[in-house]
Every structure is written in C-alpha cells, then in structure tokens.
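Build me a structure from this.
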Amino acid sequence: MGDGLNWSTEWSTSIMWIVGVFVATAIGCAVIAAVVTRITVWGRQFRRLAFPYFSPRGEAGWRPLLSVLLLLLLTITSVRLNVLLSYQSNGMYTALQQLDAGAFARFLGIFAILATIYVVQVLLSYFIQQLIVIRWRVWLNDRIIGDWLSDRAYHRGRFTRSAVDNPDQRIQEDVASFPDDSATLAVGAVGALVSLVSFTIILWQLSGPLTLFGTEIPRAMTFIAYVYVIIASVIAFRVGRPLIRLSFLNEGFNASFRYALVRVRDNSENVAFHRGEEVEGNTLSSRFRPVIDNMWAIVLRTVKFQGFNLAISQAAEVAPVLIQAPRYFAGQVTLGDVQQTATAFGQVHDSLSFFRNAYDQFASYRAVLDRLTGLLDADAEARALPSVWIEEGDGLEVHDLTVRLPDERLLVDSLDLTLTTGDALLVTGASGSGKTTLLRSMADLWPYATGAVRRPLGDGALFLSQQPYVPLGGLSTALAYPQPADRIDDEQAVRVLRQVQLPHLIDRRGDEVDWARELSPGEQQRLGFARILIMRPRVAFLDEATSALDEGLENTLYTLLRDELPDCVLVSVGHRNTLGQFHSERLELLGDGRWQVTALHP
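Just a heads-up that it's a prediction; the model follows:
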C-alpha cells in the first residue's frame, strides 16, 4: 500500500521514537535556553522572571520542572500522532484509488484508534499546560507583589528617576499574561521544530525532481518549501517589527486613560462641587486620543502584517498539489502520495512559518517582559535610595536629622530630639516649612533625609495621617488595620467606637462597603484614634489628625488618648493653639532649616 508503514509493529516503533526524540529535544531545549537567556536581552528578562520558579532548588522543588517535561512529552507525542495520521491518510486515499474496500476499512479502524489517542493527548496537554500556567502565575504574582511591597518600594518608587507608570496594571495584567504567553510560545516553538524535522523527512521521501530554467532540482518540493517560507519570514519580520513598540505603547496609553477614569470616580464629590465636568471631560479626551491613535497604528500595521501572512499561507495550500500533479498524471505517485505530500508540505510550511505568524504575539510578549522587569528594576532603585538610619529603641531619639526637598532646599538642619515615656511634642510652623515631611523622614518614607532615629519598630509605633487610610473590607478590618481583623473582638470594637464618638457604627461592624466613601473626613479621623486605642503603640505620630474635627471633639479625643495611654510618646503636627495643653514641648520650624524647641508647661 501507499502508506509505507508496517502497522503491526508501528506502535512499538512509535514509542521508541517518542522516547528518543523526547530525550534529544529536552537536551536541545536546555542548551538553547542556556544560550538565549545569556546572549539576548529578552532572554535575560525571561530568565529573571522564570528560572527561580522552575529551578529544582526553588520553593516548589522539582514539581514545576517535571510538569514542563510532561508537557514536552505530550507535545512530542502530538507530532508523532500527526505523522501517523499522514500515513493513515495516504493509505486510505490509495485504497480508494485502487477500489480496495478491505484496505479502506482497515485504515478507517486505524484512524479511529489514532483519533481517540489524539483527543486524549490534546485534552491532557491542555490540562497540564493550564496547570503550569496557573501555578506559575500564583508564584509570580506573590513574587512581584512581595518585591513591590518590600521596604516600601511601592511608595519610595515615586521618588526615583525612572519611576514606572501604572504598577497596578503591570501586576494585574502582565503577571497574568506572562506565564500564559510563555507556555503558548514555548509549546508552539518546540512543536514546530519537531514537526519540521519529522515532516521534512516525509516530504523528502515524496519529493521528485523539478526542472527549472533547464536545471533539474532533485527533491524539489523540500527545497521549495524552505526557500519559500524563509524568504516570506524575513519580509514578515521587517513588516511586523514596529508592533513591539506599538504594543508597549498600547498598554501604557490604556493604563493612563484608566487611571484618569479612576481619579474622577474617587473624587466625584469634589468634581461635582466645582462643576468640573468640562475640565474632566477634556482631560479624559486628551488621555483617550493617544489610545485611539495608537490603535489605528496597530490596525494599519497588522493589516500589512496579516495580509502578507495570509497571502503566503493561501499560496502554500495549492503549491504542493500543483508540483505533484504532473507526477500523479504520469502514474509515478498515488493519490494517497499526493494527499500526504500536501499534508507534509503544509506541516513544514506551518512549522517554518510559526515564528513568522507568532511575531505579533511575540511583540506583545516582549512588551510584557519589558514592563515586568522594569517594575522590578524600579523597586530595586527605590530600595537603593538614601534612607534615615532607623533602629529599635524606647521613646524617641533623633540625632543630626537633616531634611531636604528634591531640589536640595533645606527644611530641617541637624535636628536633635529626645522624648521619653509620656512626653508629647507639638510640631508647628508655617505652611510649607516641612512639618509633614519631617514625620515622613522619621518613618523612613522620605528619601531626601539623613540622620538617625531611635524609636519602637513594628507595632510599637503608629503614624496617623490627616486622612487615615481605610482598607477594603468590614469595619473591623478598618479598626484593626494594619493588623488582621481578628485582632479585636466584638466587645473591644464596641467599646472603642463609643469612646471615639462613633456609636452609630456599632451595628454596622460586619458591613463590607467602601468605608472610605461612606465615612466623612471627621469620622475617618475618629476611626484613626480608635486604631491608636486598639494598637496601644509606645510612640504615636499624628499629622494634623484632628483637622476635620471641631475643637470640642478634638479636646475629647486628645484627653481620651492621654488618659488611656499615659506612657505613649506623642508627636503631633497641628496649627491650633488648643493643642498646646496636651503637649509638653513645642518644635517650631522657622524656615531655611532653622528650628527651636521650647517647653509648653514649665
């Protein structure tokens, strides 16, 4: 028959083939990965994001690498099944040509077996690939977020020269797409290369000579396939190369537009008070226009790229039949041979064309690599910024603390302070003199400061800003923040809510609403005082923490604080003279780095 295989022994032969090719491919992939991840920029980026996970010495041990090897084995099996199906198709069409009903039925039976195995292999490959992608995504998400949060890089990053845009978008979208695109491209590339070798052998066996301009070309079909696709790929790469930059810009423009929308939503009340719809609309339009302009650039470039690819692919459909037709009409090959030639030519063409057809996907993939490694670089740069020396200690000791603005203008020069148990310091000064910046420096949030600060670390110190942060979740989560919600029980929650004049919220402790929108600025500041009563820190820094409260309520809360936490060291920033009665000393910032400390209660 025209299929040329001994089907009675092919099953064992195929198993040996799969094992041999698997071993050779695994070694080849390891060598290629080692080279590519050292000599190319994108390869080094991939190594940085992937190798720690797949290393047997990583957190997951051998499991990720074994999953990849299993997926590779299934990919090799898929190629072998395609080879066997091409021979089955050859035999079936040859049986039709020869009117051999018995042989036709036999090959139908072989097809049923191969098709069943193929379906099982496809489903299992999909499951294993998704297993790898999901587990990899979980690991990468934890790593990127952990790196972003480490040493407050998420905050200090805004002070770096290369501050990244939209880290939230990079974490949410790029972390999701990187494992999926990596698996898709890797499986496609390996399958294409193995198929290329396997079907090149078949095409070589089926190819005949072709006379061109008086010269006979032996095995012409094979050479035509390679020359045809290589030339097409070179042209396609040149046409598609701008898609890399356009894909990168597309993510940035969309993220910028999305951020502007979120800003309007989060500040809707202020916008509505000012009737700022026209200005906001103009701002949104100015951010949206680059999105559309870039989309059109992508569309026009994609039309050129895909149009060229489609034309090349369509021409490849008829080329093998046209070349083999004279040999078929001359009786040199069977109908099955022609059919298998078309299949083999298509497989060789598709395998060689994989890198050309996947170029636009690879362009987006390169942009993802740039954004994720760019975020890691920005985090590292943020952690390398200058820092005040912070060490564990009781009370608050400040030695030679100098605070500047980014333009080197001096705010505080060589500040020395010592506060012990129960002391309270009121920081005053004109607007812009650096009061809040001084507190940020003591919290090691301001990179333009030098000196040393001894104070309690961790839960021993609490910084309360003018507008306390209200996290997502129930009211108990907001009360206990930054500790877990289970740190406080219902009885304690009820007590502190009454103490800070928020009794109307007692019955809503379990409600999960956007409390940052639900609570007024004054209620949020009272919630901040509730946190102090719950955490009971040894040092508390309050940055205009009662600015939204009337003087009576301010007096009540500070009195409560001194009664409940008499040993706590207080450092308050404020403008009201009424705060003086709750503090023992005043630090006045005089401008140009000058300062003075005076006693409030002799």
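
Which helix runs longest in this structure?
helix 277-329 (DSSP state H).

Which helix or strand lies directly C-terminal to that helix?
Following helix 277-329 in sequence order, the next helix or strand is helix 335-357 (DSSP states H and E).

Which neighbouring elements make contact with the helix or strand following that next one?
Following helix 335-357 in sequence order, the next helix or strand is helix 359-383 (DSSP H and E). Other elements packing on helix 359-383 under the criterion 3 or more C-beta pairs under 8 Å, 6 or more residues apart in numbering; DSSP states H and E are helix 41-54, helix 101-149, helix 153-156, helix 175-206, helix 220-240, helix 242-266, helix 277-329. In short, each C-beta sits where N, CA and C put it, glycine included.

Nearest to Glu551 among these would be which one?
helix 242-266 (29.9 Å; C-beta to C-beta).

now for the closest one, which elements pack on it?
Going by 3+ C-beta pairs under 8 Å, 6+ apart, helix 242-266 lies up against helix 167-169, helix 277-329, helix 359-383.

I'd like the ones you listed as CSV, with mean neighbour count, mean pLDDT and distance to Leu533 appended.
Output for these, formatted as CSV (neighbours: other C-beta atoms under 10 Å; pLDDT from 0 to 100; distance: least, C-beta to C-beta, whole Å):
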stretch, mean neighbour count, mean pLDDT, distance to Leu533
helix 167-169, 17, 80, 33
helix 277-329, 14, 81, 40
helix 359-383, 20, 86, 33
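
Of all the ones you listed, which one is nearest Gly61?
helix 359-383 (23.7 Å).

Show me the shaky parts of the stretch 501-602 of the chain.
The model of the stretch 501-602 of the chain has pLDDT under 70 over residues 601-602.

would you list every one of the strands in it?
539-543, 569-573, 585-591, 594-599 (DSSP state E, counting those that start in this stretch).

quick one on the thing from earlier: report all helices and strands that the longest helix of the chain contacts.
Using 3+ C-beta pairs under 8 Å, 6+ apart: helix 277-329 touches helix 220-240, helix 242-266, helix 335-357, helix 359-383.

Run me through the strand neighbours of the helix or strand just after the last one, direction for each.
In other words, helix 359-383. Remark: after helix 359-383, the chain's next helix or strand is strand 389-392, criterion DSSP H and E. Taking DSSP bridges as the criterion, strand 389-392 forms sheet pairs with strand 449-455 (parallel).

residues touching the spatially most central residue of the chain, list them.
By C-alpha atoms, centre = their mean, the chain has its centre lying nearest to Val175, at 2.4 Å. Applying C-beta atoms under 8 Å, 6 or more residues apart in numbering to Val175 gives the contacts Arg137, Leu140, Asn141, Ile144, Leu372.

Now with 10 Å, please.
49, 136-145, 368, 371-372, 375 (C-beta atoms under 10 Å, 6 or more residues apart in numbering).

same check, this time on Ala30
Not one residue lies near Ala30 by C-beta under 10 Å, 6+ apart.

Phi, psi for Ser414 please.
Per-residue torsions, Ser414: phi 50, psi 60 (degrees, to the nearest 10).

Surely Pro503 and Ala493 touch.
No: judged on C-beta atoms under 10 Å, Pro503 makes no contact with Ala493 at a distance of 11.7 Å.

which ones are touching Pro179?
With contacts defined as C-beta under 10 Å, 6+ apart, Pro179 is in contact with 49-50, 53, 129-130, 132-141.

that older thread, want to throw the helices and strands packed on helix 242-266 into CSV with distance to His155?
Formatted as CSV, the helices and strands packed on helix 242-266 follow (distance: least, C-beta to C-beta, whole Å):
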stretch, distance to His155
helix 167-169, 11
helix 277-329, 24
helix 359-383, 8
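
Quick one: closest of those to Val36.
Among the helices and strands packed on helix 242-266, helix 359-383 comes nearest to Val36, with 12.6 Å by C-beta to C-beta.

and that closest one, how far from the chain's centre?
9 Å (C-alpha atoms, centre = their mean, to the nearest Å).

Compute the inter-axis angle for that helix and helix 220-240.
Here helix 359-383 runs at an angle of 50 degrees relative to helix 220-240 (axes from the mean of the first three to the mean of the last three C-alpha atoms, to 10 degrees).

Run through the bridge partners of the residue nearest to Leu587 when sequence neighbours are not counted.
Spatial nearest neighbour of Leu587, excluding adjacent residues (C-beta to C-beta, 6 or more residues apart in numbering): Val427 at 4.8 Å. Going by DSSP bridges, Val427 is paired in beta bridges with Val573, Leu587.

what's the neighbour count on Val427?
Using other C-beta atoms under 10 Å, Val427 is surrounded by 25 other residues.

Is it in contact with Gly434, as I believe?
Yes: using C-beta under 10 Å, Val427 is in contact with Gly434, at 9.4 Å.

so what sits against both of these two?
Listed contacts common to Val427 and Gly434 are Leu589, Trp595; contacts here mean C-beta under 10 Å, 6+ apart.

who has more neighbours, Pro503 and Ala493?
Shown here are Pro503 and Ala493; by other C-beta under 10 Å, Ala493 has more neighbours (20 against 11).

what about that one, which helix or strand?
Going by DSSP H and E, Ala493 is in helix 490-499.

any idea how far the residue nearest to Asp147 when sequence neighbours are not counted is from Gly157?
Distances taken as C-beta to C-beta, 6+ apart put Asp379 closest to Asp147, at 5.1 Å, once the chain neighbours are dropped. From Asp379 across to Gly157, the span is 7 Å (C-beta to C-beta, to the nearest Å).

List the residues that are in contact with both of the two.
Counting by C-beta under 10 Å, 6+ apart, the residues touching both Asp379 and Gly157 are Trp148, Val164, Pro167.
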